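Colleague: the amino acid sequence is not available; the structure is as follows:
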């Protein structure tokens, strides 16, 4: 059974920092690309950052480049998102995601329940 435990969401002032964690179980963590997505009210869910399974390369959404850092610990089956210089527009529900690719197609796609991040003074 696939499970995610997301933590670290909070209310923070603009310019502050947060670190999100997502502990996963029920699948072979090291074989999955791990990502964080976010969705603000009335908006589409968008990719924040991804740490790929092979080589651990990373990609970031344009809005967070230079401010957010994704990392993964395969020994702990956990992915992290360090968020610095937070802005009000970073306010959203953040979702942990695991994808397994085969021949360029998504074979498995798992989602966490989401965790709220609010940036406000």
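Modeller: Great, that's in hand. Bear in mind the structure is a predicted one, so any value in this text is a computation, not a measurement.

Colleague: list the buried residues of the longest strand along the chain.
Modeller: Longest strand in the chain, counting residues (DSSP state E): strand 92-102. Across strand 92-102, burial judged by 16 or more other CB atoms under 10 Å covers 92, 93, 94, 95, 96, 97, 98, 99, 100, 101. C-beta coordinates here come from the backbone N, C-alpha and C atoms, glycine included.

Colleague: again with stretch 20-28
Modeller: 20, 21, 22, 23, 24, 27.

Colleague: the last one against residue 107, yeah?
Modeller: No. In terms of CB atoms under 8 Å, residue 27 does not count as a neighbour of residue 107; the distance is 11.1 Å.

Colleague: anything in contact with each of these two?
Modeller: residue 100 (CB atoms under 8 Å, 6 or more residues apart in numbering).

Colleague: one step back: out of the buried residues of strand 92-102, who's nearest residue 71?
Modeller: residue 96 (13.3 Å; CB to CB).

Colleague: and residue 63, that one's in a strand?
Modeller: No. Residue 63 is assigned helix when assessed by DSSP: H, G, I helix; E, B strand; the rest coil, not a strand.

Colleague: show me the contacts for it.
Modeller: residue 89.

Colleague: try it again at 10 Å.
Modeller: 38, 46, 48, 87, 89, 90 (CB atoms under 10 Å, 6 or more residues apart in numbering).

Colleague: which stretches of this structure form strands?
Modeller: 3-7, 11-12, 18-25, 33-39, 46-51, 58-60, 68-73, 78-83, 92-102, 105-111, 115-119.

Colleague: let me see the residues that make contact with the shortest one.
Modeller: Meaning strand 11-12. Contacting residues not belonging to strand 11-12 are listed as 18, 83, 86, 90, 91, 116, 117, 118, 119, 120, 121 [CB under 10 Å, 6+ apart].
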